[in-house]
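Q: What shape does this take:
(one chain, ligands or ions: 2)
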Amino acid sequence: MGTAVDAANKETNGSLLDEKKVTVVFVLGGPGSGKGTQCANIVQHFGFTHLSAGDLLRAEIKSGSENGTMIQNMINEGKIVPSEVTIKLLQRAMRESGNNKFLIDGFPRNEENRAAFEAVTKIEPEFVLFFDCSEEEMERRLLSRNQGREDDNIETIRKRFKVFLESSLPVVEYYNVKGKVRKIDAAKPIEEVFEAVKAIFTSKDEKGKTKHSRVHWCGIL
Ligand SMILES: Nc1ncnc2c1ncn2[C@@H]1O[C@H](COP(=O)(O)OP(=O)(O)OP(=O)(O)O)[C@@H](O)[C@H]1O
Ligand SMILES: Nc1ccn([C@H]2C[C@H](O)[C@@H](COP(=O)(O)O)O2)c(=O)n1
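A: Ligands and ions are numbered 1, 2, ... in the order given. Coordinates of the predicted model:
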């Protein structure tokens, strides 16, 4: 049986967007920390294309794809869909966007996502925007989100929190060791959070590269 990397390479015939310089920012944080809300603001101000892995998976279910039932079951259990599926959707969306600057929201969610994405696309993120928020606040937000998401019920929310702590935070830590994590206090009001986000997107070093520094954990850890 082939790996996620084999399958995605077969689909795209090699690495993604070969000739273009592609900038990727991963947007991570617990369920309900405000990733999608802030990505919409970043798109307006900084010209990125926002790709939410969760939205792409939900669209795949709606499209009647052969993977739809499997994806639906995994989402209802708060589990992470195999990388092969999610990376194909991300690659397709990246190609179709015509852009070369991407906010990839809710991905990589675990070590398998991370390693497979880097192996397939050869893309390293410019940095990782990490929204730090307490579980109590995230739970409050999810329970009042009101977007008709089947997984916004208390039972699934608790499963999503567990997967976030066990599988997604280690990915954040992986990038933290590389000095790539930019942590935001996401418990503040939306406008204040965006002020902090803007400061990160406009902060450059003397070579014009976005500045990175290691962060020290607090909040949920
Ligand atoms: N800073 C904030 N303060 C209060 N409410 C917020 C804040 N940011 C987002 N919200 C609200 O919280 C809910 C969850 O936000 P959002 O959908 O952006 O989170 P998310 O991290 O993308 O969640 P998920 O990972 O589940 O998709 C939404 O109803 C949103 O309006
Ligand atoms: N990389 C990903 C991202 C999302 N999913 C699944 C599992 C999540 O609970 C669900 C909803 O994601 P969200 O919209 O909250 O970011 O989608 C996944 O399997 N892999």
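
Q: pLDDT below threshold where in this structure?
A: Scanning the chain for pLDDT under 70 picks out 1-19, 204-221.

Q: one more time with 90
A: For the chain, the stretches with pLDDT under 90 are 1-21, 203-221.

Q: Would you mind measuring from the residue of it found nearest ligand 2 to residue 32?
A: Going by C-beta to the nearest ligand atom, ligand 2 is nearest to residue 54 of the chain, at 2.0 Å. C-betas here are computed from N, CA, C, even on glycine. Using C-beta to C-beta, to the nearest Å, we find residue 54 at a distance of 12 Å from residue 32.

Q: More neighbours: those two, which one.
A: For residue 54 and residue 32, the more surrounded residue by other C-beta atoms under 10 Å is residue 32, and the numbers stand at 25 against 19.

Q: thinking that one is in contact with residue 142, fair?
A: Yes - with contact defined as C-beta atoms under 8 Å, residue 32 reaches residue 142; the gap is 4.0 Å.

Q: which residues are in contact with the helix or strand the residue of the chain closest to ligand 2 falls within?
A: Using DSSP states H and E, residue 54 sits within helix 53-62. The contact list for helix 53-62, computed with C-beta atoms under 8 Å, 6 or more residues apart in numbering, reads 67-68, 71-72, 75, 81, 85-86, 89-90, 93, 104-107, 109.

Q: from those residues, which is closest to residue 194?
A: Each of the contacts of helix 53-62 was scored against residue 194 by C-beta to C-beta, and residue 105 proved nearest at 15.0 Å.

Q: Contacts only, for the closest one.
A: 27, 35-36, 39, 50-54.

Q: At the contact with ligand 2, which residues of this structure appear?
A: Contact residues, the chain versus ligand 2 (C-beta under 6 Å from any ligand atom): 31, 52-54, 57, 74-75, 78, 80-81, 86, 106-107, 109, 113, 151, 160.

Q: residues in contact with stretch 195-202?
A: For stretch 195-202, the external contacting residues (C-beta under 8 Å, 6+ apart) are 38, 41-42, 45-46, 127, 129, 182, 184-185, 188, 210.

Q: Could you check that stretch and say which residues are buried?
A: 196-197, 200-201 (16 or more other C-beta atoms under 10 Å).

Q: cool, and stretch 174-188?
A: For stretch 174-188, a neighbour-count test (16+ other C-beta under 10 Å) marks 174-176, 180-184, 186-187 as buried.

Q: the helices in the protein, which residues?
A: Listed in chain order, the helices found in the chain under DSSP state H are 4-12, 35-46, 53-62, 68-76, 83-97, 111-121, 135-143, 154-163, 169-177, 190-202.

Q: Just confirm yes or no for the second one near ligand 1.
A: Yes - residues of helix 35-46 contacting ligand 1 under C-beta under 6 Å from any ligand atom: 35-37.

Q: re the thing from before, between residue 32 and residue 142, which contacts overlap?
A: The contact sets of residue 32 and residue 142 overlap at residue 157 (C-beta under 8 Å, 6+ apart).

Q: follow-up on the earlier one: got a ChimeraX select line for the buried ones in the residues of helix 35-46 next to ligand 1?
A: Selection of the buried residues among these in ChimeraX, burial being defined by 16+ other C-beta under 10 Å:
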select :35,36
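
Q: Any residues of the protein in contact with ligand 1? List them.
A: Proximity of the chain to ligand 1, by C-beta under 6 Å from any ligand atom, involves residues 29, 31-37, 54, 106, 141, 145, 189-190, 193.
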